[in-house]
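**Q** structure, please.
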Amino acid sequence: MDTSTDLAARVGLALKARNLLLSTAESCTGGGVAQAITEIAGSSEWFDCGFVTYSNASKNELLEISEALIAQHGAVSEEIAAAMAEGAIANSSSDVAVSTTGIAGPGGAVPGKPVGTVCFGWKVGDQTFTERLVFTGDRRAVREQAVIHSLQGLLRLLT
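**A** Next up is the predicted model:
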């Protein structure tokens, strides 16, 4: 199984080969994707910035996601994950973005969104992709799986 560091290195090679810059917009992973990326020496050549937007207010202020959209879909939704990735690109110099929003636990579950629910967004060029998964395990395990899945998604889109 690939580690987050292995995946981040491969993402970096793919971004560098295409001369693209990456940004992250994270909620439930709390900057874990950006941390994995910045573990790679030379990542400043292909990583622009990371937004950790844990609160709804920060999603609105930093990523320009409307309060109405959050109220309509909830912060943990594919719609918000898409808006987070789009907002990261709109508010940075990046060409590519990945986002995470979810319920890492142990609390926070709501009907239809159990603990372990994570929504992902990826924006590459003019296309935005989303996915919703439910991971198992404790808070740490959910967050680690989400970081790895974020990077795997980037690799799929870049290669």
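
**Q** give me phi/psi at Thr24?
**A** Main-chain dihedrals, Thr24, degrees, to the nearest 10: phi -120, psi 150.

**Q** what about it, neighbour count?
**A** As a burial measure, Thr24 scores 30 neighbours (other Cβ atoms under 10 Å). Yep, even glycine has a C-beta here, placed from its N, CA and C like the rest.

**Q** output the top helix by length along the chain in PDB with nothing but the alpha carbons.
**A** Longest helix of the chain, by residue count under DSSP state H: helix 139-158. The C-alpha coordinates for helix 139-158 follow below in PDB (Å, rounded to 0.1, in the frame of the first residue of the first chain):
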ATOM      1  CA  ARG A 139     -10.700   9.700  14.100                       C
ATOM      2  CA  ARG A 140      -7.000   9.200  13.200                       C
ATOM      3  CA  ALA A 141      -7.800   6.300  10.800                       C
ATOM      4  CA  VAL A 142     -10.500   8.300   9.000                       C
ATOM      5  CA  ARG A 143      -8.200  11.300   8.500                       C
ATOM      6  CA  GLU A 144      -5.300   9.200   7.300                       C
ATOM      7  CA  GLN A 145      -7.500   7.300   4.800                       C
ATOM      8  CA  ALA A 146      -8.900  10.700   3.600                       C
ATOM      9  CA  VAL A 147      -5.400  12.100   3.000                       C
ATOM     10  CA  ILE A 148      -4.300   9.000   1.000                       C
ATOM     11  CA  HIS A 149      -7.500   9.000  -1.000                       C
ATOM     12  CA  SER A 150      -7.100  12.700  -1.800                       C
ATOM     13  CA  LEU A 151      -3.600  12.100  -3.200                       C
ATOM     14  CA  GLN A 152      -4.700   8.900  -5.100                       C
ATOM     15  CA  GLY A 153      -7.500  11.000  -6.700                       C
ATOM     16  CA  LEU A 154      -5.000  13.600  -7.800                       C
ATOM     17  CA  LEU A 155      -2.700  11.000  -9.300                       C
ATOM     18  CA  ARG A 156      -5.600   9.500 -11.300                       C
ATOM     19  CA  LEU A 157      -6.500  12.900 -12.700                       C
ATOM     20  CA  LEU A 158      -2.900  13.900 -13.500                       C
END
